[in-house]
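**Student:** Make a model of this:
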Amino acid sequence: MLFNNFTMAEGDPVDSIDEDGSNYEISGVDSDGDSSDDFLDENAQLSEDSDDSSDSSGIEEEDSLISAIENRKEVQQTKPSPIKSDDLFTDISFHPSCEIIAMSCLSGNIEIHSYSIEENVLKGSIEAHTKSCRAIEFSTDGRTLYSVGQDKNVIYSDIETLDITMFINKAHHGPLTALCVPDEHVLVTGCEEGVMKMWDTRDTKYTVLKAHDAQDYISCITCKDSYKIACSSGDGTLGTYDLRAKRRLHYSAPIKSDLTCCTSAHYDRQVVCGSMMGKYIFFNWEDASEPSGTYKPRVKSPINCVLQVSDNLVLSGCQDGNIRAYHFFPHKLVGLVGHHTLTVEKLDVSHDGALVASLSPDPIVKFWDISYLEGFDVTSAEKCKGEDAANLPSSEFDDRKSFFSDLL
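**Tutor:** Numbering: from 1, shown residues only. Down below sits the predicted model:
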């Protein structure tokens, strides 16, 4: 039957009415005296108008959605696009004063790129090592790029001509794993056998300092005040050295996990180390013979790299593909800076502190705008309800609520 909600006026002609008064048919004219055909035609027209209005509303909603997505893209375009390669990247290093980034490769080559929000440009490559290039670092003036590799060599490359200017042949007995440039004329290297060596970049015939305290590979070397260094090792130990006095300061007892990385933290009073257990181990620069504390995040993903971006803020690249920002002293997870599909192997910060680059075996190097972390105050931050609850503005993943707010 048609028009189930139709109400008859008194005296309307009908053909039949059911006994319960619920079903009826209309014939002849309607309650206003119009013919039923005209009445149906009028309602059909109204239905078409309604469909047109619905289609128009749907188009407007679709246009709003597209507009919101486009606006979102424009807002988020505050960082360079990712850099990809056919080779597998192994390390990254930002130039100390220019928009240039270097990437070492598994093949032994080094790629030099200029970066910007508009485009990234490959400036050239250096055939530096015969085997895998494992670590790279710019000199303090940015003119020279140092690199170490599985071939046991240390290479000096000119950043302007992209030529090799000097090299230390067979610098270690074992393949090199770590590199640090504390000062203009100082270079520190570490190898798989646990040996640390200090070099004068002006005369590489002899080592200035050599130490074989670690029983496993040197995983990372960090510096403080250009004359103190700390070396983490796969045997779970940390050693600190005075480069001016050319002596060891302290060497810690081993913990039950690889120390995979280290960086300075808490106004350069502490060394924070990442571990395979997913815990952070703290040591005092003044006395690193014993850990001064530990921090156990709820998500215990192995920590591959740590990077200091301010006095108390440290970024960590984890095996689960997340880049997490932590505030130490007091200890607090700030949130997720970014994400990779695969594990995060390396991190570095640009010369102006606004960008962080991350390396994953995808192979891909991604950039993250961390300018919002400037002046971060842990006391004013919202409490994080879960370890992965807070996606920071640089993250590629936003809360659904924040995205659809553009549609309101």
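**Student:** got the contact list for Phe162?
**Tutor:** I think there's a mix-up here, since residue 162 is Leu and not Phe. Contacts of Leu162 were listed using CB atoms under 8 Å, 6 or more residues apart in numbering, and they are 112, 123-126. C-beta here means a position set from N, CA and C on the backbone, and glycine is covered the same way.
**Student:** Please convert the residues you listed to a markdown table, extending it with neighbour count, secondary structure and pLDDT.
**Tutor:** Below are the contacts of Leu162 laid out as a markdown table (neighbours: other CB atoms under 10 Å; DSSP: H, G, I helix; E, B strand; the rest coil; pLDDT from 0 to 100):
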| residue | neighbour count | secondary structure | pLDDT |
| --- | --- | --- | --- |
| Ile112 | 19 | strand | 98 |
| Lys123 | 13 | strand | 96 |
| Gly124 | 11 | strand | 96 |
| Ser125 | 18 | strand | 97 |
| Ile126 | 25 | strand | 98 |
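**Student:** Quick check: the farthest pair among these?
**Tutor:** Lys123 and Ile126 (10.4 Å; CB to CB).
**Student:** okay, and the common contacts of the two?
**Tutor:** Shared contacts of Lys123 and Ile126 (CB under 8 Å, 6+ apart): 112, 162.
**Student:** element containing the closest residue to Ile370 other than its chain neighbours?
**Tutor:** Once flanking residues are discounted, Ile370 sits nearest to Val356: 5.3 Å by CB to CB, 6 or more residues apart in numbering. Element membership of Val356, judged by DSSP states H and E, is strand 355-360.
**Student:** if we look at that strand, which residues are touching it?
**Tutor:** 79-80, 89-92, 94, 101, 103, 307, 309, 315, 317, 321, 323, 337-338, 340-350, 365-370.
**Student:** 7 Å instead, please
**Tutor:** For strand 355-360, the external contacting residues (CB atoms under 7 Å, 6 or more residues apart in numbering) are 79, 89, 92, 94, 101, 315, 317, 323, 337-338, 340, 342-349, 365-370.
**Student:** what pairs with it, and is each one parallel or antiparallel?
**Tutor:** Taking DSSP bridges as the criterion, strand 355-360 forms sheet pairs with strand 346-349 (antiparallel), strand 364-369 (antiparallel).
**Student:** what about the strands in the stretch 101-250 of the chain?
**Tutor:** Using DSSP state E, counting those that start in this stretch, the strands of the stretch 101-250 of the chain run over 109-114, 121-127, 133-138, 144-149, 154-158, 164-168, 176-183, 186-191, 196-200, 203-211, 218-224, 228-233, 238-242, 247-251.
**Student:** now swap in the stretch 301-408 of the chain and tell me
**Tutor:** Counting by DSSP E, counting those that start in this stretch, the stretch 301-408 of the chain has strands at residues 303-308, 313-318, 322-327, 332-339, 346-349, 355-360, 364-369.
**Student:** so what strands line up beside the second one?
**Tutor:** Strand 313-318 has the following sheet partners, assigned by DSSP bridges: strand 303-308 (antiparallel), strand 322-327 (antiparallel).
**Student:** avg pLDDT for stretch 199-210?
**Tutor:** For stretch 199-210, mean pLDDT rounds to 92.
**Student:** If we go by neighbour counts, what in that stretch is buried?
**Tutor:** For stretch 199-210, a neighbour-count test (16 or more other CB atoms under 10 Å) marks 199, 201, 204, 207, 209 as buried.
**Student:** So, low pLDDT: which residues of the stretch 251-400 of the chain?
**Tutor:** 379-389, 397-400 (pLDDT under 70).
**Student:** about what we covered before: tabulate the strands paired with strand 313-318 (CSV), appending distance to Lys170 and mean neighbour count.
**Tutor:** What follows is the strands paired with strand 313-318, written out as CSV (distance: least, CB to CB, whole Å; neighbours: other CB atoms under 10 Å):
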stretch, distance to Lys170, mean neighbour count
strand 303-308, 27, 23
strand 322-327, 36, 23
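**Student:** out of those, which comes closest to Asp235?
**Tutor:** strand 303-308 (16.7 Å).
**Student:** what's the distance between the closest residue in space to Ile303 that isn't next to it in sequence and Asp225?
**Tutor:** For Ile303, ignoring the flanking residues on the chain, the nearest one in space by CB to CB, 6+ apart is Gly274 at 3.0 Å. As judged by CB to CB, to the nearest Å, Gly274 and Asp225 stand 22 Å apart.
**Student:** Then Asp320?
**Tutor:** Asp320 is 34 Å from Asp225, by CB to CB.
**Student:** okay, the two: which has more neighbours?
**Tutor:** Using other CB atoms under 10 Å as the criterion, Asp320 and Asp225 rank with Asp320 on top: 17 against 12.
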